[in-house]
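Novice: Need a 3D model of the following:
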Amino acid sequence: MTKPEQRWRPITYMPAFKFAVSSAAETAHEQAEHMRLAIHQPGLINRVELARMRLVYQDTALYADMCCEQLRRWRVECTTSEEAKLLDQLDVLTQQWVEDTNAVIDAVKTLLDEGKGKAFKPS
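Specialist: Below you'll find the predicted structure:
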């Protein structure tokens with residue numbers, strides 16, 4: 001996938017941004033937990049589904065990186081202690097999102113590598 005064009009938002013968008021990042025981070029966290037379990041059961045997820053997940057989470061990683069850049073830009077605009085506090089919370093949340101997204105990508109790669117040479121087996 002090519003990197004999508006980023007539209008930088010003013011700091012007034014931060015509350016909506018927090019809601020969106022929270023939702024994405026929660027989904028990535030749940031998927032990372034599922035993949036931590038699946039890694040010990042290599043035949044559990046078929047290769048087609050793993051390939052789809054790899055594409056989805058590679059895209060997710062791009063969006064997470066763009067969110068990190070948005071937060072860096074907002075640090076420059078930040079004028080109140082309330083904004084600074086919210087940015088601190090978003091930094092932690094976004095970092096967790098990045099880590100969970102990378103955990104899913106790593107697990108998918110491991111499962112795909114383990115399955116090389118095996119015949120396609122629908123789940």
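
Novice: Closest to the centroid, which residue in this protein?
Specialist: With distances taken as C-alpha atoms, centre = their mean, the residue of the chain nearest its centroid is Thr101 (3.6 Å).

Novice: Please give the element, helix or strand, for that one.
Specialist: helix 81-114 (DSSP states H and E).

Novice: Which other helices and strands does that helix contact?
Specialist: Here helix 81-114 touches helix 14-38, helix 47-77, going by 3 or more C-beta pairs under 8 Å, 6 or more residues apart in numbering; DSSP states H and E. (Glycine included, C-beta is placed from N, CA and C.)

Novice: export those to TSV and tack on distance to Glu5 and mean neighbour count?
Specialist: Shown next, in TSV, are the helices and strands packed on helix 81-114 (distance: least, C-beta to C-beta, whole Å; neighbours: other C-beta atoms under 10 Å):
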stretch	distance to Glu5	mean neighbour count
helix 14-38	17	16
helix 47-77	10	16
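
Novice: Of these, which is nearest Gln96?
Specialist: helix 14-38 (5.7 Å; C-beta to C-beta).

Novice: which intervals of this structure have sub-threshold pLDDT?
Specialist: 1-4, 115-123 (pLDDT under 70).

Novice: For Gln6, grab the count of nearby residues.
Specialist: Gln6 has 14 neighbouring residues, counting by other C-beta atoms under 10 Å.
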